[in-house]
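# Only the shape, not the letters, is given here:
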């Protein structure tokens, strides 16, 4: 069984006991969260597609920890002009463990 769930404007395909990384959530670590914007649920041969969401469907998850992603280097250059600019950032992420998918 899997579900397509919308978390923070992004869509993720999740199964029970999966670990996913999403944009930073406001809740503390070790907290339990639930997401009700479930767009699709598939249970073997039975597929339920929401319009836009599946009614009374929920995804329960636990926040494992907050962390930063890998460094992304942004390098800008204009040839023959002597212009070079190097910049970088690390995205703030939250690690989630999916506990259950309920319909």
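In hand now; what should we look at? Here the structure is a predicted model, which means the values were calculated and not measured.
# For the rest of this, base every contact and every neighbour count on C-alpha atoms.
OK.
# who touches residue 9 in this structure?
By Cα atoms under 8 Å, 6 or more residues apart in numbering, no residues touch residue 9.
# Please read the previous query as pertaining to residue 99.
Contacts for residue 99 (Cα under 8 Å, 6+ apart) come out as 16, 17, 59, 60, 61, 62.
# repeat that with 10 Å
For residue 99, the residues meeting the contact criterion (Cα atoms under 10 Å, 6 or more residues apart in numbering) are 15, 16, 17, 18, 19, 32, 33, 34, 59, 60, 61, 62.
# And for residue 50?
Going by Cα under 10 Å, 6+ apart, residue 50 touches 37, 38, 39, 40, 41, 57.
# Return the residues in contact with the third one.
Residues counted as contacts of residue 39 (Cα under 10 Å, 6+ apart) are 3-6, 11-13, 48-55, 57.
# For it, pull up the helix or strand it's in.
Using DSSP states H and E, residue 39 sits in strand 38-43.
# avg pLDDT for that strand?
Strand 38-43 comes out with an average pLDDT of 94.
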